[in-house]
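Colleague: kindly generate the corresponding structure for this input.
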Amino acid sequence: MSKQELPVLTGCCAPISEAALEPAQAVDGAAVFKALADPIRLRLMSIIASAGEEVCVCDVTPHFDVSGPTISHHLKVLREAGLVDCERRGTWVYYWPIPERLTWLSTLLSVRTPATA
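Modeller: Sure, this is the predicted structure:
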């Protein structure tokens, strides 16, 4: 048997040098993900974010097989999570995405690309 010395392993992987999120940010992020964890709300968010401009609730409701009050409830959850904002104009309410919030969400889920040599 060889008497060659084997390298000593100090750990199984590279240590984590810093936390990606502060505790308050994690609570805020969990609230956003909870708001998006419903299929209707996720579809609503997709419709509003992809419109490129404000969207009237009257144009959104026909995309779903649920009542208007149910759509209003889901939009309220998205608004309380800070994902959309709205303005009432007469009978209708118009919604638009909050770009800063969507950018934050996108950054939260982005993967750091390792530097190439």
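Colleague: rest of the way, CA atoms for contacts and neighbours
Modeller: Fine.
Colleague: where are the low-confidence patches of this structure?
Modeller: Scanning the chain for pLDDT under 70 picks out 1-2, 7-11, 14-19, 116-117.
Colleague: quick check: buried residues in the host helix or strand of I48?
Modeller: Following DSSP states H and E, the helix or strand that holds I48 is helix 39-51. Using 16 or more other Cα atoms under 10 Å as the test for burial, helix 39-51 gives I40, R41, L42, L44, M45, I47, I48, A49.
Colleague: so the first one is in contact with H74, correct?
Modeller: Yes: under the criterion of Cα atoms under 8 Å, I40 lies in contact with H74, with a separation of 7.4 Å.
Colleague: which parts of the protein are strands?
Modeller: 55-56, 84-89, 92-97 (DSSP state E).
Colleague: now render these as JSON lines, adding mean neighbour count.
Modeller: As requested, the strands of the chain are exported to JSON lines (neighbours: other Cα atoms under 10 Å):
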{"stretch": "strand 55-56", "mean neighbour count": "18"}
{"stretch": "strand 84-89", "mean neighbour count": "14"}
{"stretch": "strand 92-97", "mean neighbour count": "19"}
